[in-house]
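Student: Give me coordinates for this.
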Amino acid sequence: MLSDIRTRGGGVRIFAVKGRITSEGAGSFREEMMKNIEGDGKKVAFDLGGVTAVDGNFAGALITIARRIKEGGGEMKLFGPQKRVA
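Tutor: Okay, here's the model as predicted:
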């Protein structure tokens, strides 16, 4: 699911997400991200270019993650989804 984590200028943490993220993987994705954003999750971006399929469970996981980041005073961005996923 998460294949790469890197930090860019300004402390933005970029997570590359890959594969199918549906009901089977959305929960583990959410849990893994919650661990990754603890403490310093102020600016987070998700590169969705490698995501091949999603469902409502993935959207729910993203909303939960976004709320946690916002509560900590940060922001979250999504970029690069494939046309069939967007």
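Student: Go through stretch 46-66 and flag the buried ones.
Tutor: With burial defined by 16 or more other Cβ atoms under 10 Å, the residues of stretch 46-66 counted as buried are Phe46, Asp47, Leu48, Gly50, Val51, Val54, Asn57, Phe58, Ala61, Leu62, Ile65, Ala66. In short, each C-beta sits where N, CA and C put it, glycine included.
Student: whoops, stretch 23-34 was the one
Tutor: Applying a neighbour-count criterion of 16+ other Cβ under 10 Å, one finds Gly25, Ala26, Phe29, Arg30, Met33 buried in stretch 23-34.
Student: contacting residues around that stretch?
Tutor: With Cβ atoms under 8 Å, 6 or more residues apart in numbering as the test, stretch 23-34 has contacts from 1-2, 15, 17, 19, 21, 55, 57-58, 60-61, 64-65, 68.
Student: Just the closest of these to Lys42, please.
Tutor: Nearest to Lys42 among the contacts of stretch 23-34: Arg68, at 11.5 Å, using Cβ to Cβ.
Student: related to what we said a few turns ago, now go through the buried residues of stretch 23-34 and say which are in helices.
Tutor: Gly25, Ala26, Phe29, Arg30, Met33 (DSSP state H).
Student: Any chance of CSV for the contacts of stretch 23-34, columns secondary structure and distance to Glu75?
Tutor: Formatted as CSV, the contacts of stretch 23-34 follow (DSSP: H, G, I helix; E, B strand; the rest coil; distance: Cβ to Cβ, whole Å):
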residue, secondary structure, distance to Glu75
Met1, coil, 22
Leu2, strand, 19
Phe15, strand, 14
Val17, strand, 17
Gly19, strand, 25
Ile21, strand, 21
Asp55, coil, 25
Asn57, helix, 23
Phe58, helix, 20
Gly60, helix, 19
Ala61, helix, 17
Thr64, helix, 15
Ile65, helix, 12
Arg68, helix, 12
